[in-house]
Structures are given as C-alpha cells and as structure tokens.
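Enquirer: sharing a model prediction with you, sequence too.
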Amino acid sequence: MVSPETSAVASAYLDPGTYVIECYVKLPDGTFHTTLGMIDQIVVTDEDNNQAEPQADFEVTISSANGITLPSNILPGQRTFAVHFQDQTVHDNFLGHDVHLVKLEDNADLTELDAWMNWAAPAGLAGHGPEGVTFIGGTQEAPAGTTTYFSALLKPGTYALVAEVPSPMSKGMLQTFTVPAN
C-alpha cells in the first residue's frame, strides 16, 4: 500500500503462471478500488529476466506465532528491507499476513491504524488511512518460506511495520521503530 503522492518499489520472485494484481482498498463510501478498474492480469513466463536478487539493508521476519520481528538499528537513507515469511496462515479477513511500512506523524493514533488494517470491517481500508499515517511501501502476502523485498527512503522520525490483518497489534504485527537523525 502507498499513500497518495507516494511511490514504492517491491520485488518478489514469481513462478511462471498467470496472476491477478488488484487493489482492495476502498473509497470512503465502501466502494472497492477493484470495481473502478484497479485490477489486471499479468503473465509470468519462464524466460530469465537477468535480475539479481536485491541486496537487503535490513532483515524482517513475519510469522503467525511471533508477529513481525525487525532489527533495532534501522538507519536513515534509501534502504531495502528483506521480508522473510516464516509461515503463512489465513486470518479472520480471509487473507494471509503481509508487511507495510508507514511513517507516523505526532498525531497518528495506533489504535485507529490497528482497526483500519482490517478490510472486512466497514471502515477498514477505506479512504487514505488514518490521520497522521503515510503508507510508503511494503509487500503483500507471500507463501511460507519465501522472501520479498521493498525499498523506501527513511528520514529521521517514527515508523511502523504493520500487517493487513484484523487487530495486528494483538498479534505482534504492528511494530513501531524510530529512525535516528544520525
């Protein structure tokens, strides 16, 4: 997920096959973005694209048992995160867990973010997100044992890694961290 006027880069290995790429964020009135055309099909061939695996600056692990674990020394700058999916499970919202990076302003309310992450709730994933929260990158769910990558420019401030599951805070899937000035 990315907030308006932001862009993100994510990388994942995909086996050859046909995939659907979609957005299931909602307008404030509850209309899913997919019904507005934010859905498409992509075909992955077995042709080698000669892309090297990204070089990670930070290692993140997510699991249904331990939530999100991240290093304690996240520094400013253009950074790449490797997200290791230790396991994968279907949560109450019928989806597996994923990892999204958010920048938190002083007026951000983690309780609001926690509730907003559940698309199945009427106000979940509706609009641009809670006030004071900017989505700047991340990766969608992936199978157990796989690794995906995303890059983001980290400036000094407060951030969180959060999963798009019901009540991520109670599952250890909403973890805040501070990026120091130096």
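Expert: The structure has been received and is ready for your questions.

Enquirer: what about residue 21, which SS state?
Expert: strand (DSSP: H, G, I helix; E, B strand; the rest coil).

Enquirer: start the count at 550, not 1, going forward
Expert: Sounds good: first residue 550 from here, last item residue 570.

Enquirer: let me see the ranges of the helices in the protein.
Expert: Per DSSP state H, the chain carries helices over the ranges 659-665.

Enquirer: which residue lies farthest from the center of it?
Expert: residue 596 (27.9 Å; C-alpha atoms, centre = their mean).

Enquirer: so what's that one up against?
Expert: Applying C-beta atoms under 8 Å, 6 or more residues apart in numbering to residue 596 gives no contacts. Backbone N, C-alpha and C define where each C-beta goes, glycine included.

Enquirer: mind checking pLDDT for it?
Expert: Residue 596 is assigned a predicted lDDT (pLDDT) of 93.

Enquirer: swap in the one 10 residues further on?
Expert: Predicted confidence (pLDDT) at residue 606: the value is 96.

Enquirer: residue contacts, it?
Expert: So residue 606 contacts 628-630 (C-beta under 8 Å, 6+ apart).

Enquirer: quick one: the nearest residue to residue 564 once chain neighbours are set aside from residue 728, how far?
Expert: Leaving out its chain neighbours, the residue that sits closest to residue 564 by C-beta to C-beta, 6 or more residues apart in numbering is residue 593, at 7.0 Å. Computed as C-beta to C-beta, to the nearest Å, the residue 593 to residue 728 distance reads 34 Å.
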